[in-house]
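**Q** Build me a structure from this.
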Amino acid sequence: MTEPASSSRIRTEVGFVLLAVGVAVFAIRLLHEGPYAMPRGGALFGGLGALVLGGVLVWPATPRGLGWLVLAASPVALGTGLYATMAELEEVVSLYATDGAGNPAELRLWIVDREDGEWVGMPRSKAIEHSLDAARLRRLRRGDIRCVVPALHEDRATVRAIHALKVEKYAVARGAAAVGLYPREARDTAVALRLNPCPGD
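**A** Numbering: from 1, shown residues only. Purely as a prediction, here's the structure:
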């Protein structure tokens, strides 16, 4: 049985949207100065997933059943890809650290400025896994690479204050919080890190 033209058009249109989102996940990082930050984790999954699913949907020889199966799965890749793209629209910094296995890791983070310095936030498990507290790390911000020594803060007043500054600064954080994809207030598992300049810098 021939697939109705309207159904085929819907699949094709969704496919092109997915392809555009997949490309955007990788291309949006070119807006930031300095070395290119390759997507990792969920961002990489979303970008590649959107490209693969989009390619299947726009390919004319895709079987009808497979097309509808891919169409049903596309919201996951679409949502992940959109979030990964939007998270890079505003200021993002890189911390060059190592993971629990000793492998190099580039952490992409939102950053806020306070009178006492630069601050980032993250889950405590992530900070511990990468041994960030008191480590000498390189920080990339606006194309400038500096040596920093993160100081981990767990007191709830500081963590809440830094998180509130992030939500205030980043429109994406506010939008994501409105639909439940980002917490309006810092979770109990969150910590804040002040990025102190390395001694002598």
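
**Q** So for this structure, the centremost residue is which one?
**A** A84 (4.5 Å; C-alpha atoms, centre = their mean).

**Q** mind checking how far the helix or strand harbouring that residue is from the chain centre?
**A** Per DSSP states H and E: A84 is located in helix 64-86. When C-alpha coordinates are averaged (C-alpha atoms, centre = their mean, to the nearest Å), helix 64-86 and its chain have centres 17 Å apart.

**Q** what's whatever helix or strand comes next after it packed up against?
**A** Next along the chain after helix 64-86, taking DSSP H and E as the criterion, comes strand 93-98. In terms of contacts (3 or more C-beta pairs under 8 Å, 6 or more residues apart in numbering; DSSP states H and E), strand 93-98 is packed against strand 104-109, strand 137-141. C-beta: built from backbone N, CA, C; applies to glycine.

**Q** Among the ones you listed, show me which one is buried the most.
**A** Neighbour counts (mean count of other C-beta atoms under 10 Å) averaged over each of these peak at strand 137-141, with a mean of 19.

**Q** strands paired with that strand, and their directions?
**A** Applying DSSP bridges, strand 137-141 is found paired with strand 93-98 (antiparallel), strand 144-153 (antiparallel).

**Q** centre of the chain versus that strand, how much separation?
**A** The mean C-alpha position of strand 137-141 is separated from the chain mean by 17 Å, C-alpha atoms, centre = their mean.

**Q** related to what we said a few turns ago, now the helices and strands packed on strand 93-98 as JSON lines including mean pLDDT?
**A** Shown next, in JSON lines, are these (pLDDT from 0 to 100):
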{"stretch": "strand 104-109", "mean pLDDT": "96"}
{"stretch": "strand 137-141", "mean pLDDT": "97"}
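
**Q** From K126, how far out is E185?
**A** Distance, E185 to K126, by C-beta to C-beta, to the nearest Å: 18 Å.
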